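[1] Using only what follows, build the 3D model:
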Amino acid sequence: MSNPVFNNSAIFGEPKRARTNQGAAGTVQQNPAYGTPPQQAQYGSYGAQAADAATLDAMYNAPTATTADTKRLTYDDVIIKTGGLLALLVVVGAASWQLVDTMPFLWIGGAIVGLVLGLVNAFKKSPSPALIVAYTIAQGAFLGGISAFYNTQFDGVVLQAVLATVVTFTAALFLFKSGKVRVTPKFTRWLLIAMVGYLAFSLINLVLIMTGVLDGWGARGGTLGIIVGLVAVGLAAASLIVDFDSIKRGVEGGVPAKFAWSAAFGLMVTLIWLYLEFLRLFAILQSSD
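    Reported below is the predicted structural model:
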């Protein structure tokens, strides 16, 4: 995995090899994610009471249980929760945009709180809807403020970044659904290496700017900055494809429905990263003209 939200979850991870328990009745399979296997019934003179014919007939004619009936993860769960979080992000972001002049500290505080809550949610084994909603609100405050700042300095970059994010998300989903891009261990390994390298580059560039060694965009300016920006967008798009694959395996593996919150949160993290990279890339392109 590349997204820590999915990477740190045994639920969305690679399927584990089943263990075996040896008992009197022979070898039975045990999946560690769902506890111990059912014990073989013991039948005797006072064994389990047989169901009557009417009950058996009703059970036979009943509709097949769906994932919703069994409280398992579905794509609809992920779509609804992701859509709700995105709507909340946009509403809070719009409010933060309007308050950026009177409350400039709002988006800075949102960035700090969003970072903390993002780390907490990423490393929690069980999802917390309240913390995920709080993260979305904090990130909305941050994105609204920083978007207003960028739009003041570089006219039109916010709309461009939003459209580019939507198009890239759609393209990544299409490529994944069509099977043209397959998530293999080699794919995820190289993606992880590239993301670590990009993170190291970004941190070094930030330190050089803060210490006055470099000014402006630092190493992100000019032609090099444009190339690095395109690479970052590519990494975020590839991360989206890995996220889709993690969700697909979660649905097919029948994980509990509550992990739709984790899936939605993971997609939010990647989409926010993708939007910020587009925002910076278009700003660099304008400043290079």
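
[2] which residues in this structure form helices?
    The residue ranges that make up the helices of the chain, judged by DSSP state H, are 4-7, 53-61, 75-98, 105-123, 129-153, 157-178, 185-210, 222-252, 260-287.

[3] Take those helices and write them to a markdown table, including distance to Gly216 and mean pLDDT.
    Using the backbone N, CA and C atoms, a C-beta is placed for each residue, glycine as well. What follows is the helices of the chain, written out as a markdown table (distance: least, C-beta to C-beta, whole Å; pLDDT from 0 to 100):
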| stretch | distance to Gly216 | mean pLDDT |
| --- | --- | --- |
| helix 4-7 | 31 | 60 |
| helix 53-61 | 71 | 59 |
| helix 75-98 | 25 | 95 |
| helix 105-123 | 21 | 92 |
| helix 129-153 | 12 | 94 |
| helix 157-178 | 16 | 94 |
| helix 185-210 | 8 | 91 |
| helix 222-252 | 9 | 92 |
| helix 260-287 | 8 | 93 |
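
[4] Most tightly packed of those helices?
    Among the helices of the chain, judged by mean count of other C-beta atoms under 10 Å, the one packed with the most neighbours on average is helix 260-287 (a mean of 23).

[5] Now Phe282: closest residue in space, sequence neighbours ignored.
    The shortest distance from Phe282 to any residue that is not its chain neighbour, by C-beta to C-beta, 6 or more residues apart in numbering, is 4.3 Å, and that residue is Val157.

[6] can you tell me which residues contact the one you found?
    By C-beta atoms under 8 Å, 6 or more residues apart in numbering, the contact set of Val157 is 150-151, 279, 282-283, 286.

[7] For it, give its distance to Gly225.
    When C-beta to C-beta, to the nearest Å is applied, the distance between Val157 and Gly225 equals 14 Å.

[8] Equivalent analysis for Thr152, please.
    Remark: distance between Thr152 and Gly225 (C-beta to C-beta) = 20 Å.

[9] now do Gly234
    Gly234 sits 15 Å away from Gly225 when distances are taken as C-beta to C-beta.

[10] Equivalent analysis for Leu276, please.
    Leu276 sits 14 Å away from Gly225, taking C-beta to C-beta as the criterion.

[11] Ok, Met268 next?
    Following C-beta to C-beta, the distance that separates Met268 from Gly225 is 26 Å.

[12] Same check on Ala87?
    Applying C-beta to C-beta, the value for Ala87 to Gly225 is 33 Å.

[13] give the contact list for Tyr150.
    Going by C-beta under 8 Å, 6+ apart, the list of residues near Tyr150 reads 157-158, 279, 283.

[14] Pull the most distant pair out of these.
    The span of the contacts of Tyr150, defined through C-beta to C-beta, is set by Val158 and Ala283 at 9.9 Å.

[15] I would like the residues contacting stretch 90-106, please.
    Stretch 90-106 has contacts (C-beta under 8 Å, 6+ apart) with 107, 110, 136-137, 140-145, 147-149.

[16] 10 Å instead, please
    107, 109-110, 136-149, 151-152, 158, 162 (C-beta atoms under 10 Å, 6 or more residues apart in numbering).

[17] How far does that stretch sit from its chain's centre?
    25 Å (C-alpha atoms, centre = their mean, to the nearest Å).

[18] Just the C-alphas of it, formatted as CSV.
    This file holds the C-alpha atoms of stretch 90-106, laid out as CSV (Å, rounded to 0.1, in the frame of the first residue of the first chain):
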residue,chain,number,x,y,z
VAL,A,90,-16.7,22.2,0.3
VAL,A,91,-19.1,23.9,2.7
VAL,A,92,-16.5,24.5,5.3
GLY,A,93,-14.0,25.5,2.7
ALA,A,94,-16.4,28.1,1.3
ALA,A,95,-17.0,29.6,4.7
SER,A,96,-13.2,29.7,5.4
TRP,A,97,-12.7,31.5,2.1
GLN,A,98,-15.1,34.2,3.1
LEU,A,99,-13.4,34.6,6.5
VAL,A,100,-9.8,34.6,5.4
ASP,A,101,-9.4,38.4,5.7
THR,A,102,-11.1,38.7,9.1
MET,A,103,-9.9,35.4,10.6
PRO,A,104,-6.5,34.6,8.9
PHE,A,105,-5.6,32.3,11.7
LEU,A,106,-8.5,30.0,10.9
